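Undergrad: below: sequence and its predicted model.
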Amino acid sequence: MKRYLILLLFTFQGLMAQVQFEARVSKNSLGINERLRIDFIMNVDGDNFEQPSFDGFRIVAGPSQQISQSWVNGRSSFQKIYSYILQPAQKGTLTIKQAAIEFNGQKYKTTPQKIVVTNAVAEERDPSDPRPQGGAGSETLNLVAEISKTNPYLNEPITVVYKLYFNNINVTGFKELGKPKYNDFWNQNIEIKQLAIEEGSYKGQRCYFVVLKKTILYPQKSGKLTIEPLSLDIGVQLPTNRRDMFGQMILSEDNKVVSAGAKTINVRPLPEGSKPEGFTGAVGKFNFTVTPSKTTLKNGESLDLVVSAAGSGNMKLFTLPKPVVPNALEMYDPVHDEKVTTSLSGMSGKISDKYTIIPQYKGKYTIKPMQFSYFDLSSGSYKTITSQEITVDVLDGPMQAEANATANAAKNVITKTEQFKYIKLKTTLVSMAKNDFYGSNLYYGLLLAPFLILPIIVLVKKKKEAIDSDVTGNRIKMNNKLAKKYLSEAKKQLNNKEPFYIALEKAMHNFLKAKLHIETSEMSKDNIRELLLSRKANPETVQSFINLTENCEFARYAPASSASIQQDYDKAVLIISELEKQIV
């Protein structure tokens, strides 16, 4: 009887010990430059652990496994944990899907975890962060957005310069995770021809920096405007406390996401009380001129009236005043011209509208003075420039009064021929008898058309079936077409490094598929060299092709100038052209 009681007790305990399998995250909301820890915890020794796919995240570390077991007052407890450190790869609401284990023939799954990823935040070092701390403890890696002015007037230029500060750390490459958005700003990037390392200081510490991006902004709206941050995923090499057998510091590879952070600009509106009539939004410092090409004209001649503003300011963001001329002068729509350059100090140059004016009658005519108003940033007040009055002297031609009298007389005189102008003297008659469709040439043509078209359809179908059955030929044509497509795409992306090298690599792979009749799985370096040499290709050209293919993957993440990208494109075109001629 006692044995049955013990068996019943163990059975009861087994029923009470339920299997627990859950996922726990260190935080449910984080910035794109932060990291997340997730633990999959079970109270039994489950088998066949299946991790989720972690879509939208990059695994920085893991899985690490911990097992603990204890006995307290005759009761045992067991716990197994699988841990991961994750880095978000995009913003938005991401879902970590279910993990699974098997225990006693049954499958158990965790609950999906929703994670909100926001803009990058100011990152503080977490002691539990698994990233290497470095031997010296003085590593610096910061992305800073330096803004020339945070409280500009409407349409006043401000500059944003993005600098990457670093010290005691090697940068192996970077890529943009989030591009800055300039909502409610007119913006233009200032070209940086080549990245250069300079010495500087960050928070009082001597370090190096690289200027990555320069942008000029003109706010188009007053109030608080936000510049969304630039975020970068940077490959780094950090020093450790360990040294190799030669005494050199051992470096550890890692990736770090840095962000310049969101910036708020408080834009002041232009003064309303003193705003001149006809103000069209010009802000800066300008000269205004109205210049006629000539003021004395003969009958049939024309003049050009050039209205222009020159100086520095928001040159492309306002309109010039329009001249008012007498009715006797016929004025045509203007031809607009801009000669404007944009630098870190803003826009400068000249804009003009050229009007063509043709006089209709003899006499002297006056073009009234024109006014141009702008807001002067240096004085914080409006300025108005008034042009000179222009007099146009038309030397000959009909007088306006005589021309009006002649026109009125012409309206009142009716000639003999005009008396019968609206009476039709000739009549066109149309026959009432019509030919029937039945029995006509069109009827017989439509009747025979199906018999003529049917053989053509049969021939076209047979030709299509023959083309479709040629699988190898179709694959070669498709690969040739893809090679040309991706080479063309690479040419379009000369100013965008990563898309350029992706397209260039695909172009070269599809070229090989078309010429060597191989698949991607067969594209080893030795196999490509052997096949090309067997097709009578020049060994130097073959080696150049392989070197360029290997360089594509590396160059996507390494800093590269526009000149080196152009050289790689020209080299690819030359190599493909030479292989086209050499391969038999």
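TA: Structure's in. What do you need? Numbering: from 1, shown residues only.
Undergrad: confirm that Glu465 sits in a helix.
TA: Yes: Glu465: assigned to a helix according to DSSP: H, G, I helix; E, B strand; the rest coil.
Undergrad: how many residues are close by it?
TA: Neighbour count for Glu465, taken as other C-beta atoms under 10 Å: 9. (C-beta placed from N, C-alpha, C; glycine too.)
Undergrad: and it, how far is that from Ile234?
TA: Glu465 sits 56 Å away from Ile234, going by C-beta to C-beta, to the nearest Å.
Undergrad: disregarding residues adjacent in the polypeptide, which is nearest to Glu578?
TA: Thr541 (5.0 Å; C-beta to C-beta, 6 or more residues apart in numbering).
Undergrad: now do the SS call for the one you found.
TA: At Thr541 the chain is in helix, as set by three-state DSSP.
Undergrad: what is the burial count for it?
TA: Other residues within reach of Thr541, judged by other C-beta under 10 Å, total 19.
Undergrad: cool, Leu154 as well?
TA: Counted with other C-beta under 10 Å, Leu154 comes out at 18.
Undergrad: so it makes contact with Arg268?
TA: Yes: using C-beta atoms under 8 Å, Leu154 is in contact with Arg268, at 7.0 Å.
Undergrad: show me the contacts for the nearest residue to Gln113 once chain neighbours are set aside.
TA: If the residues on either side of it in the chain are set aside, Gln113 comes closest to Ile96, at 4.4 Å by C-beta to C-beta, 6+ apart. With contact set as C-beta atoms under 8 Å, 6 or more residues apart in numbering, Ile96 has these partners: Ala23, Val25, Ile38, Pro52, Phe54, Phe57, Pro112, Gln113, Lys114, Ile115.
Undergrad: what pLDDT does Ile96 get?
TA: Ile96 carries a pLDDT value of 87.
Undergrad: what's the distance between the residue positioned nearest the centre of the chain and Met315?
TA: Among the residues of the chain, Lys179 comes closest to the average C-alpha position under C-alpha atoms, centre = their mean, at 8.2 Å. Applying C-beta to C-beta, the value for Lys179 to Met315 is 26 Å.
Undergrad: how about Asn33?
TA: 38 Å.
Undergrad: any idea how far the residue lying closest to Lys362 once chain neighbours are set aside is from Leu195?
TA: Distance criterion C-beta to C-beta, 6+ apart; nearest residue to Lys362, sequence neighbours excluded, is Gly397 at 4.3 Å. Relative to Leu195, Gly397 is positioned 66 Å away (criterion: C-beta to C-beta).
Undergrad: do Lys506 as well
TA: Counting by C-beta to C-beta, the gap between Lys506 and Leu195 amounts to 27 Å.
Undergrad: and Lys275, what helix or strand is that in?
TA: Using DSSP states H and E, Lys275 falls within no helix or strand.
Undergrad: burial of it, as a residue count?
TA: Lys275 has 12 neighbours, counted by other C-beta under 10 Å.
Undergrad: now do the helices in the stretch 301-450 of the chain.
TA: Shown for the stretch 301-450 of the chain, the helices assigned by DSSP state H, counting those that start in this stretch span residues 400-412, 416-419, 441-469.
Undergrad: ok, the stretch 451-584 of the chain next?
TA: Under the criterion DSSP H, counting those that start in this stretch, the stretch 451-584 of the chain contains helices at 471-492, 497-516, 525-534, 539-555, 562-582.
Undergrad: among these, which is nearest Ser348?
TA: helix 562-582 (25.2 Å; C-beta to C-beta).
Undergrad: the closest one vs helix 497-516, what angle?
TA: 10 degrees (axes from the mean of the first three to the mean of the last three C-alpha atoms, to 10 degrees).
Undergrad: most tightly surrounded among the helices of the stretch 451-584 of the chain?
TA: Neighbour counts (mean count of other C-beta atoms under 10 Å) averaged over each of the helices of the stretch 451-584 of the chain peak at helix 497-516, with a mean of 21.
Undergrad: for Asp376, name its beta-bridge partners.
TA: Beta bridges link Asp376 to Gly284, Ser381, judged by DSSP bridges.
Undergrad: right, and it touches Ile385 too?
TA: No: judged on C-beta under 8 Å, Asp376 makes no contact with Ile385 at a distance of 11.0 Å.
Undergrad: for stretch 175-193, buried residues please.
TA: Residues Leu177, Gly178, Pro180, Tyr182, Phe185, Trp186, Asn187, Gln188 are the ones in stretch 175-193 that count as buried (16 or more other C-beta atoms under 10 Å).
Undergrad: export these to CSV and tack on pLDDT, secondary structure and distance to Ser302?
TA: CSV is the format used below for these (pLDDT from 0 to 100; DSSP: H, G, I helix; E, B strand; the rest coil; distance: C-beta to C-beta, whole Å):
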residue, pLDDT, secondary structure, distance to Ser302
Leu177, 74, strand, 58
Gly178, 69, strand, 55
Pro180, 80, coil, 49
Tyr182, 86, coil, 44
Phe185, 90, strand, 42
Trp186, 90, strand, 36
Asn187, 90, strand, 41
Gln188, 89, strand, 37
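Undergrad: farthest pair within those residues?
TA: Most distant of the buried residues of stretch 175-193, by C-beta to C-beta, are Leu177 and Trp186, 25.2 Å apart.
Undergrad: residues of stretch 215-225 that come out buried?
TA: Thr215, Ile216, Leu217, Tyr218, Pro219, Gln220, Leu225.
Undergrad: sorry, back to before: overlap in contacts, Asp376 and Ile385.
TA: Joint contacts of Asp376 and Ile385 (C-beta under 8 Å, 6+ apart) do not exist.
Undergrad: next, the contact list for Leu303, please.
TA: By C-beta under 8 Å, 6+ apart, the neighbours of Leu303 are Pro292, Ser293, Lys294, Thr295, Leu297, Thr356, Ile357, Val392.
Undergrad: need those in a markdown table (columns: pLDDT and neighbour count).
TA: Shown next, in a markdown table, are the contacts of Leu303 (pLDDT from 0 to 100; neighbours: other C-beta atoms under 10 Å):
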| residue | pLDDT | neighbour count |
| --- | --- | --- |
| Pro292 | 93 | 17 |
| Ser293 | 91 | 13 |
| Lys294 | 90 | 11 |
| Thr295 | 88 | 12 |
| Leu297 | 86 | 23 |
| Thr356 | 92 | 15 |
| Ile357 | 90 | 20 |
| Val392 | 90 | 22 |
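Undergrad: quick check: end-to-end length of stretch 28-39?
TA: Its start and end residues considered, stretch 28-39 measures 13 Å (C-alpha to C-alpha, to the nearest Å).
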